[in-house]
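Trainee: sequence plus the predicted model coming up.
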Amino acid sequence: MSNNFTCSISSIRFDEDYHPANSTRLTTNFANLARGEHRQENLRRTLRMINNRFNALAHWDNPTADRYSVEVDIVSANMDIEGNGDTFPVIETLKTTIVDHKDNKRIDGMIGNSFSSYVRDYDFSIVLPDHFDKNPTSPPPEHFGDLHGKLFQYLLNSEAYQANFSKKPVICLSVSTSKTYHRTNNQHPVLGVEYRQDEYSLTDDYFHKMGLTVRYFMPTGSVAPLAFYFAGDLLSDYTDLELISTISTMETFQKIYRPEIYNANSTAGQVYQPSLKYQDYSLTQIVYDREERSQLAVKQGQITEEQFIKPYQSILEQWAANYSVEKETVKKHAA
């Protein structure tokens, strides 16, 4: 069985003129913001929030808090399973670029940030509910997330990814409402104070199968920790400006999407359990349809089952049974 699925990368700028492409996974934060009568004002305000937060964190040599602005591109990774030109949009992330207006230069920001995946929608919206309907008290299926994890790692090892990006992605998500987080004494100058928990969430385990480790940090000026998923060393593999680009971008989306946690009017304490039932929070002036987002996740899962999982099931199962990152690394070195 050949391991030669063909990967390709495409991108579209997320700015005030952004319109979601037909292939864009509509459950993503950015696509949801860009529809309806308030779309352009939504986009302007979102970008303004990102820029303001970036300058607040990158405050050195920045007395007027306007030295930097952030450009955001939506990156789609597509996969051709049979080599016939028929591609499926496996993953979407964001790529940031930092514009330094003082030195008049552009600086690479972070790849990753947000994470959207049709296969993950299939796993969480189709596979998992079906499993729990039949086995209400059992743990998730034994091989839950295995295929998705291998597809993700295959993408990172692909020529397409490595030709476009020099570093592995850092994905920044909300902390889990089902877990309790404890503040530590560890503090990073950019990421802020570190939180820890005793037990990984289902999402943490899912990302672990993608080859990613998780740490939780609450940056200065934030009110709740963020979950950072990464491969390698989060604290030494990325520059301060790269980390700030992730924080400013994803904290902005989380304030819009989960204001009960990230736009709360009080700060997370020593022991913290996030809750979407928390009432003391502020709303942004950005229109966001959270109910539509959850409904679309199910629809996207159904599309994935019909257009990707079922048509290629035997190929994918055989490929996943034989694929390992170690084999991929040996193959590359041999080449």
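Mentor: Thanks, I have it.
Trainee: could you find the closest non-adjacent residue to T184?
Mentor: Taking Cβ to Cβ, 6 or more residues apart in numbering as the measure, T184 lies nearest to E194, with 4.8 Å between them; neighbours along the chain are not counted. All C-beta spots, glycine's among them, are computed from the backbone N, C-alpha and C.
Trainee: in the stretch 201-335 of the chain, what residue spans correspond to strands?
Mentor: Here the stretch 201-335 of the chain has its strands, by DSSP state E, counting those that start in this stretch, at 213-218, 226-230, 271-272.
Trainee: could these go into CSV alongside mean neighbour count and distance to T246?
Mentor: As requested, those are exported to CSV (neighbours: other Cβ atoms under 10 Å; distance: least, Cβ to Cβ, whole Å):
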stretch, mean neighbour count, distance to T246
strand 213-218, 20, 11
strand 226-230, 23, 8
strand 271-272, 16, 21
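Trainee: which of these sits closest to G109?
Mentor: When the strands of the stretch 201-335 of the chain are ranked by distance to G109, counting by Cβ to Cβ, first place goes to strand 226-230 at 14.7 Å.
Trainee: name the residues that touch the closest one?
Mentor: 115, 168-176, 191, 203-204, 207, 210, 212-219, 234, 237, 246-247, 250-251, 254 (Cβ atoms under 8 Å, 6 or more residues apart in numbering).
Trainee: and the residues you listed, which are buried?
Mentor: The neighbour-count test (16 or more other Cβ atoms under 10 Å) marks 115, 168-176, 191, 203-204, 207, 210, 212, 214-219, 234, 246-247, 250-251, 254 as buried among those.
Trainee: that older thread, quick one: the residue nearest to T184 from I303, how far?
Mentor: In this structure, E194 and I303 are separated by 38 Å, where distance is defined by Cβ to Cβ, to the nearest Å.
Trainee: more neighbours: those two, which one.
Mentor: Looking at E194 and I303 with other Cβ atoms under 10 Å, you find the greater number of neighbours at E194, namely 19 against 16.
Trainee: isn't the more buried one up against P219?
Mentor: No. The criterion here is Cβ atoms under 8 Å, and E194 misses it with P219 at 10.8 Å.
Trainee: report pLDDT for G85.
Mentor: Among the per-residue scores, G85 shows a pLDDT of 88.
Trainee: what strands flank the helix or strand hosting S114, and is each parallel or antiparallel?
Mentor: Using DSSP states H and E, S114 sits in strand 105-117. Strand 105-117 has the following sheet partners, assigned by DSSP bridges: strand 87-100 (antiparallel), strand 170-174 (parallel).
Trainee: give me the residues contacting the following helix or strand past it.
Mentor: Using DSSP H and E, the helix or strand that directly follows strand 105-117 along the chain is helix 118-122. Residues outside helix 118-122 that contact it (Cβ under 8 Å, 6+ apart) are 25, 27, 88-90, 147-148, 151, 206, 297-298, 300-301, 303-305, 308-309.
Trainee: which of those fall in helices?
Mentor: The helices in this structure, assigned by DSSP state H, contain 147-148, 151, 206, 297-298, 300-301, 303-304 from these.
Trainee: between these, which sits nearest I50?
Mentor: The shortest gap between I50 and any of the ones in helices among the contacts of helix 118-122 belongs to A297, at 24.2 Å (Cβ to Cβ).
Trainee: so that closest one versus V175, what's the distance?
Mentor: From A297 across to V175, the span is 19 Å (Cβ to Cβ).
Trainee: over to Y122?
Mentor: Taken as Cβ to Cβ, the spacing of Y122 relative to V175 amounts to 24 Å.
Trainee: what helix or strand is the residue nearest to T184 located in?
Mentor: Assigning secondary structure by DSSP H and E places E194 in strand 192-196.
Trainee: quick check: buried residues in that strand?
Mentor: Of the residues in strand 192-196, those with enough neighbours to count as buried (16+ other Cβ under 10 Å) are 192-195.
Trainee: okay, the angle between it and strand 226-230?
Mentor: Orientation check (axes from the mean of the first three to the mean of the last three Cα atoms, to 10 degrees): strand 192-196 against strand 226-230 gives 80 degrees.
Trainee: can you list the ones in helices among the contacts of helix 118-122 in JSON lines and add pLDDT and distance to V75?
Mentor: As requested, these are arranged in JSON lines below (pLDDT from 0 to 100; distance: Cβ to Cβ, whole Å):
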{"residue": "L147", "pLDDT": "96", "distance to V75": "21"}
{"residue": "H148", "pLDDT": "96", "distance to V75": "18"}
{"residue": "L151", "pLDDT": "96", "distance to V75": "16"}
{"residue": "Y206", "pLDDT": "95", "distance to V75": "20"}
{"residue": "A297", "pLDDT": "80", "distance to V75": "20"}
{"residue": "V298", "pLDDT": "85", "distance to V75": "24"}
{"residue": "Q300", "pLDDT": "85", "distance to V75": "18"}
{"residue": "G301", "pLDDT": "90", "distance to V75": "22"}
{"residue": "I303", "pLDDT": "90", "distance to V75": "20"}
{"residue": "T304", "pLDDT": "92", "distance to V75": "19"}
